[in-house]
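Trainee: The sequence and its predicted three-dimensional model are supplied below.
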Amino acid sequence: MLDRVALVTGASRGIGRAIALHLAAAGHPVAVNYRSRSDAADEVVATISAGGGRATAVAADVGDADAVTEMVDEIGETLGSISILVNNAGITDDDLLLRMKPGAWDRVIQTNLSSAYLCSRAVLRGMLKARWGRIINITSVSGLSGNPGQANYAAAKAGLVGLTKSVAKEVGSRGITANAVAPGFIETDMTDQLGEAVRESALPAIAVGRFGTPEEVASAVGYLASEAAGYVTGQVLVVDGGLAF
Ligand code: NAP
């Protein structure tokens, strides 16, 4: 069935944008969530429409419980009940733990981890009713290995792995799968912030010798969202070009 509605959080840019385009190309109507950059989200919707797909942009801070409820209700009215949820929205706010302010800790946990709880809870009832669903959480290799300066981000991303595995066990018998995708270094605005020296020093640790593209993450998500992946659940698919960590 190709008309299953997808919600991709943080889909105005980077990996989320590529996931939205990939799912739309596979025939899914797509809700393109964003927080602040409506022009970027509108561009994603226009690109999908130009390719003959269906999409709508929907603004919501996915760390805000009321905003998530409103967003899911709005999508229900415009596109229909959500069958595929990709919890992709994420931020970094790096610092060494000794210097990390409570605000930076809370913001990163709320946006990367609590958002996935809120969005999953908001869409699960519809998936249970339909006896079909796909929840895909975008974690990170930082959450699997830890990373100095990213205690908040790594904790949030490790938390996503536990959330994924628990949800998989709760709803597996109802035709709903929950999996995570863990990207390594991917070319987006997030890694642009790293600076040339950090980027250069990361390259020798990557087996394929380059950063990945958002599209390479999107195709892994596309597989997990597909009918073909119905017997894959509770897994973390690492898409990192063979990063040694
Ligand atoms: P990005 O280019 O910085 O884009 C972030 C996206 O998230 C934007 O669409 C942004 O919306 C949205 N967003 C941020 N906070 C939000 C909020 N509170 N509510 C709703 N949307 C929000 O990031 P990216 O590199 O594509 O990363 C996407 C995901 O992959 C993140 O979860 C990130 O942690 C993960 N990841 C990335 C890499 C990498 O190398 N890039 C590696 C591992 C994991 P606006 O445009 O409106 O601000």
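Mentor: Received the coordinates, thanks. This one's a predicted model, so the numbers in the text were calculated from it and none came from an experiment.
Trainee: Now do the contacts for the spatially most central residue of the chain.
Mentor: Centroid-nearest residue in the chain, with Cα atoms, centre = their mean: Asn88, separated by 1.7 Å. When contacts are counted by Cβ atoms under 8 Å, 6 or more residues apart in numbering, Asn88 touches Val8, Thr9, Gly10, Ala11, Ile15, Gly16, Ile19, Ile138. Yep, even glycine has a C-beta here, placed from its N, CA and C like the rest.
Trainee: can you do 6 Å?
Mentor: Neighbour list for Asn88: Val8, Thr9, Gly10, Gly16, Ile138 [criterion: Cβ atoms under 6 Å, 6 or more residues apart in numbering].
Trainee: Mind telling me what element the fourth one is part of?
Mentor: Secondary-structure element containing Gly16, defined by DSSP states H and E: helix 14-25.
Trainee: ok, residues contacting that helix?
Mentor: Against helix 14-25 from outside (Cβ under 6 Å, 6+ apart): 6, 8, 10-11, 30, 32, 44, 48, 53, 55, 86, 88, 188-189, 214-215, 217-218, 221-222.
Trainee: Run through the residues you listed and flag the ones next to the ligand.
Mentor: Gly10, Ala11, Asn88, Thr188, Asp189 (Cβ under 6 Å from any ligand atom).
Trainee: Would you mind checking the residues you listed for buried ones?
Mentor: Among those, those that count as buried by neighbour count (16 or more other Cβ atoms under 10 Å) are Gly10, Ala11, Asn88, Thr188.
Trainee: For the next helix or strand after the helix holding Gly16, name the packing helices and strands.
Mentor: Remark: after helix 14-25, the chain's next helix or strand is strand 30-34, criterion DSSP H and E. Secondary-structure packing of strand 30-34 (3 or more Cβ pairs under 6 Å, 6 or more residues apart in numbering; DSSP states H and E): helix 14-25, helix 38-50, strand 55-59.
Trainee: Return the most buried member of these.
Mentor: Here the criterion is mean neighbour count by mean count of other Cβ atoms under 10 Å, and of the helices and strands packed on strand 30-34 the winner is helix 14-25, at a mean of 26.
Trainee: picking up where we left off before, tell me the pLDDT of the residue nearest to the centre of the chain.
Mentor: On pLDDT, Asn88 comes in at 98.
Trainee: picking that back up, report the two of the buried ones among the ones next to the ligand among the contacts of helix 14-25 separated the most.
Mentor: Ala11 and Thr188 (12.4 Å; Cβ to Cβ).
Trainee: returning to what we had before: and the buried ones among the ones next to the ligand among the contacts of helix 14-25, which is closest to Val167?
Mentor: Asn88 (16.1 Å).
Trainee: for the ligand, what are the nearby residues on the chain?
Mentor: Contacts of the chain with the ligand, taken as Cβ under 6 Å from any ligand atom, map to 9-16, 33-37, 40, 61-63, 88-91, 111-112, 138, 140, 183, 185-186, 188-191.
Trainee: Now the buried members of the residues you listed.
Mentor: For the residues of the chain next to the ligand, a neighbour count by 16+ other Cβ under 10 Å gives the buried set as 9-16, 33-35, 40, 61-63, 88-91, 111-112, 138, 140, 183, 185-186, 188, 190-191.
Trainee: Out of these, which sit inside strands?
Mentor: Those of those mapping onto strands are Asn33, Tyr34, Ile138, Pro183, per DSSP state E.
Trainee: Right, I'll call it a day here.
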